[in-house]
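1. okay, structure incoming, though there's no sequence with it:
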């Protein structure tokens, strides 16, 4: 089976468009362009297996950062991607699983490979008459849609029907960076078959670390943890994760930075006459009939964005890190036609 499309791999993209590896400005991923300053990693983190003490410390910090109440459990995995591939195997197939489209393209194959049928391309109001189980990405990738009220209602319906709900919060911000945003954690209240995923790497700009979390009822998280196996997360990831997740001052400042950059990107795109489909603090997506042409012109100028084969009028832009990167983008955007 051919590999599914994703952002990233800008070095290969550079070579494809006649540039040298490393020359491409990578705006394709929706990962923070600024990484958490991970200094003073102990040498022992590199040469020993992860310890229970390290794991407990990281999970306690994640519980605080994501405001997880005591009656729910939390586990760590090597990124949310590894967790979302395990979760469908916890669910006994019982009718189609609703996956709203467009969205992150790894959910459907993960459920189908575990023996489930999936339903897409219909409104959630129609799906509720056909499906017991649902997958939501909130905020959604690539549209930025974030219907938290609707997701909570779906979780309640599924609980009553004996279904399952997966909420992928990969692009959500930690509480310290976004204190007024209504959390989806309460969608898990009294719902034994709802799991909420949280990504570490996107907000903290450390996707290469591979760290993510699953939150849910203790029995469900225990099953998921057993399926993940021992040493699911490296010692280095646990050390850095514990420190970063407890650094609320950095999180607040970084959240403000991302918000400023995202608004600046939004204004740049709108100013160039490009209609927005939506976005988050980490990306903005346009919807335009010539999206693929713009993607190729940007790539020719060594700027890599995320196009979509299934939704050819979408083009997603990650955040430039600084004025120089904004200038590079603006120069092409304002003269692309």
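-> Nice, thanks for sending it over. From a predicted model like this one, the values you see are computed outputs, not experimental measurements.
2. quick check: buried residues in the lowest-mean-pLDDT helix or strand in the chain?
-> Counting by mean pLDDT, DSSP states H and E, the weakest-scoring helix or strand in the chain turns out to be helix 124-127, with a mean of 73. Of the residues in helix 124-127, 124, 127 count as buried by neighbour count, 16 or more other Cβ atoms under 10 Å. (C-beta placed from N, C-alpha, C; glycine too.)
3. now do that helix: distance to the chain's middle.
-> 24 Å (Cα atoms, centre = their mean, to the nearest Å).
4. tell me the helix or strand right after it.
-> Past helix 124-127, further along toward the C-terminus, the next helix or strand under DSSP states H and E is strand 133-137.
5. who does that next one pair up with?
-> When pairs are called by DSSP bridges, strand 133-137 turns out to pair with strand 97-99 (parallel), strand 165-169 (parallel).
6. need the contact partners of whichever strand or helix holds residue 45.
-> Of the helices and strands defined by DSSP H and E, residue 45 is found in helix 44-47. Outside of helix 44-47, the residues within contact range by Cβ atoms under 8 Å, 6 or more residues apart in numbering are 54, 235, 236, 238, 239.
7. how far does the longest helix anywhere in the chain sit from the chain's center?
-> For the chain, the longest helix by residue count, based on DSSP state H, is helix 248-271. Mean-position distance between helix 248-271 and its chain equals 17 Å (Cα atoms, centre = their mean).
8. give me the packing partners of it, helices and strands only.
-> Using 3 or more Cβ pairs under 8 Å, 6 or more residues apart in numbering; DSSP states H and E, the elements in contact with helix 248-271 are helix 201-204, strand 276-279, strand 283-287, helix 323-333.
9. so which residues of the stretch 101-250 of the chain form helices?
-> With DSSP state H, counting those that start in this stretch as the criterion, the stretch 101-250 of the chain has helices at 107-113, 124-127, 148-161, 201-204, 218-228, 235-245, 248-271.
10. with distance to residue 311 added, can I get those in a markdown table?
-> Formatted as a markdown table, these follow (distance: least, Cβ to Cβ, whole Å):
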| stretch | distance to residue 311 |
| --- | --- |
| helix 107-113 | 14 |
| helix 124-127 | 18 |
| helix 148-161 | 21 |
| helix 201-204 | 21 |
| helix 218-228 | 31 |
| helix 235-245 | 33 |
| helix 248-271 | 17 |
